[in-house]
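>>> I would like the atomic coordinates for the input below:
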Amino acid sequence: WVTWGMKARTIFLEGGITPAIYADASRLVTHLDYPLLLPLTEAWLFQWLGAPDDRLAGAATLGTYLALLGICYAAVRRRGGGRGLALAVTVAIGGGTSLAGLAGLVFADVPLALNGTIAALFLVEWLRGGRRADLLVAALAGGLLPWTKREGLLLAAVLVAALMLWGWRYRRGHVTGRTPPGAGALALAGLVLAGPWWAFVAWQGVPNSGDFAPVSLALLVEHLDRLPTIVALTAQSVVGTRWNLLWPLALLLALFLFTRGDRHVREGDLLPAIAALYVILAAASYLFSAYDPYQQHVVSSISRLIAHVTPLVGLWIAWRALPGASGDAARPRDS
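Numbers count the residues shown, from 1 in each chain. The predicted model follows:
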């Protein structure tokens, strides 16, 4: 309510985005520089209701949670999975206590997970088939990431990096010719959809929440002793039952495929790669945490960061479990 709901109520009562949203020092606790997708959605809901009724503000996040479940079910069915498998994977992803709990808490993490899942799925579809419609959907969803949450900047960067690494992996094939346009489309969408807000934040000198200290090499060296604790706390959260053991299962599946000799990389394998890279970089950011003690920062927020990409892990397990998964084309078909 503090970070997003209070802003939504203010936008509704003042009839727009005023300095009370981004320049009121007494509201620093609301994270003045946070993007406004969720508050604007809630403010629209208040406008439709005719009153800022906080009891119904969660409808926006609940809607994205249900949409995420639908996307996960459809992604398995689209690849030829049966209803039983699709339902089982959807329940495993959506039934995790952290993801379901975040929906109930009306946090922006669920909309971020939805946009990230859509972007990653349609990027894979674009790499497989080369259809411009798939790239358009992926770009729109990816462009909304930095407009949904500050961590969306990192997730969007990881998506771009994954595309570039895929092109480098198959630099001798015609995949290489498609990855730069894909990365460019993601970057352009983010610039159009979220760029104005971040440019405004810089122009107005809107202060950040102070959760992190300025990044510098000196501070990185000074805080390297935090690394073992950060790794341990992150690993503890990843393997916990709150994710219905999806992460350990994915690791076991990867080891099984490797030992079986199935080392042929396919487009769908980008999903766990994106998830792992995002969690690694997100965990590394705690090296610059301004919290005292920093351990509390990790414990209080790492599960929310893992929630952003857990659907990708669950969907990869399902895709790899499908009959004929080992025969997926490693290169997209001609468009």
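>>> how about residue 51, phi and psi?
Listed backbone geometry of residue 51 is phi -160, psi 150, with angles given as degrees, to the nearest 10.
>>> how many residues are close by it?
Other residues near residue 51 come to 9 when the count uses other Cβ atoms under 10 Å. The C-beta positions use only the backbone N, C-alpha and C, and glycine is treated the same way.
>>> swap in the one 4 residues further on?
Taking other Cβ under 10 Å as the neighbour definition, residue 55 ends up with a count of 6.
>>> now do the one 10 residues further on
Residue 65 sits with 21 neighbouring residues when counted by other Cβ under 10 Å.
>>> residue 74 now?
Other residues lying near residue 74 total 13 when counted by other Cβ under 10 Å.
>>> same question for residue 216.
Burial of residue 216 is recorded as 10 neighbouring residues (other Cβ under 10 Å).
>>> ok, it to residue 139 distance?
Distance of residue 216 to residue 139, computed by Cβ to Cβ, to the nearest Å: 33 Å.
>>> what about the helices in the stretch 1-150 of the chain?
Along the stretch 1-150 of the chain, the stretches classed as helices by DSSP state H, counting those that start in this stretch are 5-14, 19-22, 37-49, 59-78, 83-94, 97-104, 109-129, 132-148.
>>> tilt between the last one and helix 59-78?
What separates the directions of helix 132-148 and helix 59-78 is an angle of 150 degrees, with axes from the mean of the first three to the mean of the last three Cα atoms, to 10 degrees.
>>> which element follows helix 132-148 toward the C-terminus?
Beyond helix 132-148 in the direction of the C-terminus, DSSP states H and E gives the next helix or strand as helix 151-169.
>>> just want the angle from that following helix to helix 132-148.
Orientation note: helix 151-169 sits at an angle of 140 degrees relative to helix 132-148 (the same axes, to 10 degrees).
>>> going forward, the N-terminal residue is numbered 8.
With the count now opening at 8, the last piece we talked about shows up as helix 158-176.
>>> which pLDDT value belongs to residue 73?
Model confidence at residue 73, expressed as pLDDT, equals 95.
>>> number of residues surrounding it?
As a burial measure, residue 73 scores 14 neighbours (other Cβ under 10 Å).
>>> next one: residue 132 from residue 254, what distance?
In this structure, residue 132 lies at 24 Å from residue 254, with Cβ to Cβ as the measure.
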